[in-house]
Every structure is written in C-alpha cells, then in structure tokens.
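**Student:** Quick one, what's the 3D model for this:
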Amino acid sequence: MPPDVQPFLPASPNRERRLHPRYTVNVPIEIHEEGSRIPLRVKTTDLSRGGCYIKLTVPLGVGGRIRAQLSLDGQPIVARGRVVTRHPDFGNGIMFLEFEGEGEKLLRQYLAAVVATP
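**Tutor:** Sure thing, here's the model as predicted:
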C-alpha cells in the first residue's frame, strides 16, 4: 500500500483518530468565523499539522468554517478550517483543511523544532 494511503479501519471508541501527532504548545491564534467580522484572539493549548485546540469559555458551534492566523515565532501562517469538537466552558477542536502559501511547510518546520527542543 502506498505510504499516503490509510487502510480502512472501523471506528472504535478506543482507537486514536488523529492522523498527526499533537504537541502541547501555546501559540497566538486569531480566529475569524465565516460570516463574522469580529476576530477571536486566543492561544492554542495543543497544535498539530491537522489542527489545534483553543480554549474558549463560550465555544464555537461544531461544523462552523473558520479562517485561522497563527503566529509561529512571529511568522504568520493562515489556514482555513472547520470546528470539529465543542466542549462547553472549555473550548473547541479545529481541523485545518487548507493552508495559504507556505503555511503548511512553516507549520511542519515549527513542529519539528518543538520536538527537537529538549
């Protein structure tokens, strides 16, 4: 099987569903909900190539489309995404769907540096 093809496995409550490892990092992120002109400025609690988790007292609705701008060591990257989890009084899980420009490459480099830091 080619390395970029994932085998089909039935859903299991005990099986990890994430495709990318996540890292506990606090990165500034500005979230723009589709249809809203008011940005939310928060920090991630964890981050991966596939998305992030943000802490919000009043979380966004699941399924909502967003535009996220992360600041990685002062370097802005922009991703479009979707809200995939909602935990009242705690926050949201965001899945990144596509990146603008070199965003995905810069995120991978940033995460590689996080892993390499002792």
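
**Student:** can you pull the buried residues of stretch 25-40?
**Tutor:** Buried residues in stretch 25-40, counting neighbours by 16 or more other C-beta atoms under 10 Å, are found at 25, 27, 29, 31-33, 40. Placement of C-beta: from N, CA and C, glycine included.

**Student:** which two in these are spaced the farthest apart?
**Tutor:** Farthest apart among these by C-beta to C-beta are Val25 and Glu33. That separation is 22.9 Å.

**Student:** Let me see the ranges of the strands in this structure.
**Tutor:** Along the chain, counting by DSSP state E, strands occupy 28-33, 40-48, 51-55, 65-72, 75-87, 91-99.

**Student:** most neighbours per residue, which of these?
**Tutor:** Among these, strand 51-55 has the highest mean neighbour count (mean count of other C-beta atoms under 10 Å), at a mean of 22.

**Student:** Tell me which other helices or strands it touches.
**Tutor:** strand 28-33, strand 40-48, strand 75-87, strand 91-99 (3 or more C-beta pairs under 8 Å, 6 or more residues apart in numbering; DSSP states H and E).

**Student:** Next one: His87, what pLDDT does it get?
**Tutor:** If you check His87, the pLDDT there is 94.

**Student:** Cys21 against Ser48, yeah?
**Tutor:** Just so we're on the same page, residue 21 is Pro rather than Cys. Yes: under the criterion of C-beta atoms under 8 Å, Pro21 makes contact with Ser48 at 6.1 Å.
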